[in-house]
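J.: Based on what follows, work out the 3D shape:
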Amino acid sequence: MSDSQKYIDDNIDAFQEQLFDLLRIPSVSTNPTRKPDVLKAAEFLIDQLKKIGLDDVTLHKTKGHPIITAQKITDDSKPTVLIYGHYDVQPPDPEELWDTPPFEPTVKNGRVYARGASDDKGQSFTHIKSVESFLKTGTDLPVNVKFILEGEEEIGSPNLIPFIEENKDLLECDMVLISDTAMFGEDQPSITYGLRGLAYMEIHVTGPNRDLHSGVYGGAVENPVNVLTEIIAQLKDKDGVIQIEGFYDDVEPMTPEMREAYKKLPHDDEPYKKDLQLEALHGEKGYSTLERASARPTLDVNGIWGGYQKAGAKTVLPGKAGAKVSMRLVPDQDPEKIAELFEKHVKSLAPDTVTVDVVPHHGGHPVVIDLNYYGLKAAAQAFEDVYEKNVLFAREGGSIPIVADFKKILGVNSILMGFGLTRDALHSPNESFSLKDFHRGIKTSARFFEILPDFKE
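T.: As a prediction, the model looks like this:
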């Protein structure tokens, strides 16, 4: 066992307590009242990065929440790894569904429950601790490392892209290392080599200039909620096929080889349904569950509102209604093109009795990384050395838009070394992270740094 690996084992309890301190900070980036807490989380990380011995630790102010950078360059001939993570979190709502306070880390059955435990504080913190294991033992850091940690990922990273574009020299690297994904299963390490893109939209339907009495006006005035639901119902057919004209034009077709690879992944629909307490699954006809969830594009309503929604009855004909819709995209779909097609289609379905507006929000491009890339091979070996099990390679249904942006701006691939699980309940009440995988994650990160130079082409 190397000195760095022994250091991790000897200090894991202290690492956990430091993580718990970070989890106690309610750094909800979308809530303006939490801005001081987002800054507090940034300052916590600044302190951590300085304590472990990194150089040029800097908090960069933006129009929104801060971006943190730091580095340790030991030898220009070594590979340089840029470590990306985010310290902001999703809102804890609905808080009444949490079994324990969302910002008071609670350990149960080997898991820590708290908002941000897995997404992304726990996962990104593994790399800070793995770098510490080299610097605090006097062991030569096998690679050069740089950090970029942001506080706006959960609101679409509006200030990150301009920052990267303005600081390309500062962030120059051979690859990016990100831990914000899930393993394929418990004790089954996997590497995500593909991510879907995203086009996020909002539909506003406006009818009368105020809410109306449904008895007095019902039948004479169009109901915006009715119109909205009719529009939504026409976005997909009964087989789950999206009806937007041109939506599938640029979709990369699944090859027989791709589909055969999916069949080899250890997945069973029955426990999948049981975990979700569902009697049946639904999706695009002709594709398996895993294919639908990661390799095919989707369209889903994420939120809908209009009219009276509190307890009891109120006979009202609402003046406005709205919905938020996300579309997950696959190679080679372009989020801006899809947003335009969506708006055109929705407006084509709108009657002249209401006004329909479509508002685009953030988006991101899909990405797939070559399985022969030396960084992926090193990451797979690091997982196998720590978990003592062969690694699976899988594409994931979620989106990390920054992966495509790193490729576009810095010209480098990203290694998605996730330590979470789908059961971690990301963005949901009772989010959690396995402390065993927090420990193994630190060791895998350190092992990756140890062996990466040997894989360099």
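J.: Run a quick check on D119 versus A425, I expect a contact.
T.: No: contact criterion Cβ atoms under 8 Å: D119 and A425 do not qualify, at 9.4 Å. C-betas here are computed from N, CA, C, even on glycine.
J.: dump the residue contacts of Y248.
T.: With contact set as Cβ atoms under 8 Å, 6 or more residues apart in numbering, Y248 has these partners: 242, 297.
J.: how about it, phi and psi?
T.: With angles defined as degrees, to the nearest 10, Y248 sits at phi -90, psi 0.
J.: repeat for E257
T.: Backbone torsions for E257, taken as degrees, to the nearest 10, come to phi -70, psi -40.
J.: Report the contact partners of it.
T.: By Cβ under 8 Å, 6+ apart, E257 lies in contact with nothing.
J.: At which residues are the helices of the stretch 351-457 of the chain located?
T.: Secondary structure of the stretch 351-457 of the chain (DSSP state H, counting those that start in this stretch): helices at 374-387, 401-410, 435-455.
J.: Distance check, the residue of the chain positioned farthest from its centre against P208.
T.: For the chain, the largest distance from the centre (Cα atoms, centre = their mean) belongs to V216, which lies 47.5 Å off. To P208, V216 is 12 Å away according to Cβ to Cβ, to the nearest Å.
J.: picking up where we left off before, where do the contact lists of D119 and A425 overlap?
T.: In contact with both D119 and A425: E431, using Cβ under 8 Å, 6+ apart.
J.: and the two? which has more neighbours close in?
T.: Between D119 and A425, counted using other Cβ atoms under 10 Å, D119 has the larger neighbour count: 26 against 16.
J.: Checking L19 next. Helix, strand or coil?
T.: Three-state assignment for L19 (DSSP: H, G, I helix; E, B strand; the rest coil): helix.
J.: Pull the number of nearby residues for it.
T.: By the criterion of other Cβ under 10 Å, L19 has 24 neighbours.
J.: Am I right that Y287 is in a strand?
T.: No: per three-state DSSP, Y287 lies outside any strand segment and is coil.
J.: need the contact list for it.
T.: The contact partners of Y287, taken as Cβ under 8 Å, 6+ apart, are 254, 295-296.
J.: which phi and psi does it have?
T.: Backbone geometry at Y287, expressed as degrees, to the nearest 10, gives phi -130, psi 150.
J.: between the helices of the stretch 351-457 of the chain, which one is nearest to F393?
T.: Between F393 and the helices of the stretch 351-457 of the chain, the tightest spacing by Cβ to Cβ is seen for helix 374-387, at 7.7 Å.
J.: Check the gap between the residue lying closest to L349 once chain neighbours are set aside and D237 for me.
T.: Excluding the flanking residues, the one nearest L349 by Cβ to Cβ, 6 or more residues apart in numbering is I231, at 4.8 Å. Applying Cβ to Cβ, the value for I231 to D237 is 14 Å.
J.: Neighbour count for the two, which is higher?
T.: Neighbour totals were compared for I231 and D237, and I231 leads with 23 against 12 (other Cβ under 10 Å).
J.: helix/strand/coil for the more buried one?
T.: Put simply, I231 is helix when judged by three-state DSSP.
J.: is it true that it touches H204?
T.: No: the criterion here is Cβ under 8 Å, and I231 misses it with H204 at 11.3 Å.
J.: just the strands in the stretch 101-250 of the chain please.
T.: Using DSSP state E, counting those that start in this stretch, the strands of the stretch 101-250 of the chain run over 106-108, 111-113, 144-150, 175-178, 190-195, 197-206, 212-213.
J.: Can I get the ones you listed in JSON lines including mean neighbour count, mean pLDDT and distance to I400?
T.: JSON lines is the format used below for these (neighbours: other Cβ atoms under 10 Å; pLDDT from 0 to 100; distance: least, Cβ to Cβ, whole Å):
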{"stretch": "strand 106-108", "mean neighbour count": "14", "mean pLDDT": "98", "distance to I400": "28"}
{"stretch": "strand 111-113", "mean neighbour count": "22", "mean pLDDT": "98", "distance to I400": "23"}
{"stretch": "strand 144-150", "mean neighbour count": "25", "mean pLDDT": "98", "distance to I400": "12"}
{"stretch": "strand 175-178", "mean neighbour count": "24", "mean pLDDT": "98", "distance to I400": "7"}
{"stretch": "strand 190-195", "mean neighbour count": "24", "mean pLDDT": "92", "distance to I400": "5"}
{"stretch": "strand 197-206", "mean neighbour count": "22", "mean pLDDT": "96", "distance to I400": "9"}
{"stretch": "strand 212-213", "mean neighbour count": "14", "mean pLDDT": "93", "distance to I400": "45"}
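J.: So for I415, which of the ones you listed sits nearest?
T.: Ranking those by proximity to I415 (Cβ to Cβ) places strand 175-178 first, at 5.1 Å.
J.: Just checking: what are the partner strands of that closest one?
T.: Applying DSSP bridges, strand 175-178 is found paired with strand 80-86 (parallel), strand 414-416 (parallel).
J.: Just the C-alpha atoms of it, please, in CSV.
T.: Taking C-alpha atoms only, strand 175-178 is exported to CSV below (Å, rounded to 0.1, in the frame of the first residue of the first chain):
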residue,chain,number,x,y,z
MET,A,175,-8.1,16.3,-19.4
VAL,A,176,-10.9,17.2,-17.0
LEU,A,177,-11.9,15.0,-14.1
ILE,A,178,-15.5,15.2,-12.9
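J.: hmm, who's touching it?
T.: So strand 175-178 is contacted by 79, 81-85, 127, 375, 400, 402-403, 406, 410, 412-417, 445, 448 (Cβ under 8 Å, 6+ apart).
J.: buried subset of those?
T.: Using 16 or more other Cβ atoms under 10 Å as the burial test, the contacts of strand 175-178 include 79, 81-85, 127, 375, 400, 402-403, 406, 410, 412-417, 445, 448 as buried.
J.: what's the domain layout of this protein?
T.: With domains defined by automatic domain parsing, the chain comprises 3-195+366-455, 198-251+297-364.
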